[in-house]
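**Q** sequence first, predicted coordinates after that:
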Amino acid sequence: MKVRGIPLELQEETVVLPGRALSLLRPRDAEALLDEEAFEHEEYLPYWAELWPSGVALARAIAPRSLRGASVLELGCGLAVPSIVAALAGGRALATDWSAEALRFATLNAERNGAQIETALCSWADPALIVERAPWQLVLGSDVLYERRNAELLLDLLPRLVDGRGEVLLADPGRPHTSAFLDAAAADWEVVTASDPVSGHVSIHVLRRRLE
C-alpha cells in the first residue's frame, strides 16, 4: 500500500475486546509518513497511524453496549477502532478525521472486521459537516486533548453536537490539558469519570448536558 506515494509496510494488530477480537492493519513505521513540508503548513503529524491505548480503552467501553441504530460520531478517529466497535454494536457510525490517509485505513479496517461505517474528512475548526447532522446520540473521542487548541475547539464544538438526550465519551491517558478541559466543561455538562480496568492509566470521561 502507498500513502502519499510512500510505499508502506503494514503491520497486523489484534485487539481483544469483550465478546470479540478485531484484526487491524496499520503502517508498521509511522515515522515513514512524516512530511516536513506538510508539517510546516499544517503541523501534520501521523498520529493516526498508531494504535493508541486510549482508542482501545474506548472501544472496550463501547463493546458491551447495544446501540441499535443510534447515531454515533467519532472525532479524530485515527484507525477508528471505537467507530468499528460501535458499528458492530448496531450503531450508525461516522468516523471523522482531518487526515484522508486515516480515513482510508478506517474504511479498510471496518471492512476487514465486517463493519459498515461512514467516513468524512472534517476539521474541528470547520465542523459544518457534522454540526448539520446533529444532534448525535453518542460522540466519541480518544486521546484528543493532547494540545491546548484541541481542548478549546472541543469545548466550543461539543454543545453543537449533542443535546440533552445524547452523551459524549472521551478516553484520555492524563494529558496535561485534560483537567482544565473537564473543569471548564463542568459548567454545562455532568461529568462522570471511570478508569479503564485493563490499561490502568486511561480514564473514560462521560459527559451529559445539564438540563436547564
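**A** Alright, I've got the coordinates. Residues are numbered from 1 along each chain as shown.

**Q** ok now the host helix or strand of Asp156, how far from the chain's centre?
**A** Asp156 is part of helix 148-157, with elements assigned from DSSP states H and E. Centroid separation between helix 148-157 and its chain, computed with C-alpha atoms, centre = their mean, to the nearest Å, is 15 Å.

**Q** each with direction, which strands does whichever helix or strand comes after it pair with?
**A** For helix 148-157, the succeeding helix or strand toward the C-terminus, using DSSP H and E, is strand 167-172. Its sheet considered, strand 167-172 pairs with strand 138-142 (parallel), strand 203-209 (antiparallel) by DSSP bridges.

**Q** which residues are in contact with the last one?
**A** For strand 203-209, the external contacting residues (C-beta atoms under 8 Å, 6 or more residues apart in numbering) are 57-58, 61, 158-159, 162-164, 166-174, 182, 185, 188-196. Backbone N, C-alpha and C define where each C-beta goes, glycine included.

**Q** can you do 6 Å?
**A** With contact meaning C-beta atoms under 6 Å, 6 or more residues apart in numbering, strand 203-209 is reached by 61, 164, 167-172, 189-195.

**Q** spatially nearest residue to His205 (excluding sequence neighbours)?
**A** Spatial nearest neighbour of His205, chain neighbours left out: Leu170 (4.5 Å); criterion: C-beta to C-beta, 6 or more residues apart in numbering.

**Q** same question, Gly78
**A** Computed as C-beta to C-beta, 6+ apart, the closest residue to Gly78 that is not its neighbour in sequence is Trp48, at 4.0 Å.

**Q** ok, now which ones touch that neighbour?
**A** Neighbour list for Trp48: Gly78, Ser99, Ala102 [criterion: C-beta under 6 Å, 6+ apart].

**Q** following the chain past the lowest-mean-pLDDT helix or strand in the chain, name the next helix or strand.
**A** Counting by mean pLDDT, DSSP states H and E, the chain has its least confident helix or strand at helix 36-42, which shows a mean of 41. Proceeding N to C from helix 36-42, the next assigned helix or strand is helix 53-62, under DSSP H and E.

**Q** counting by contacts, list what that following helix packs against.
**A** Applying 3 or more C-beta pairs under 6 Å, 6 or more residues apart in numbering; DSSP states H and E, we find helix 53-62 packed against strand 10-17, helix 81-88, strand 138-142, strand 167-172.
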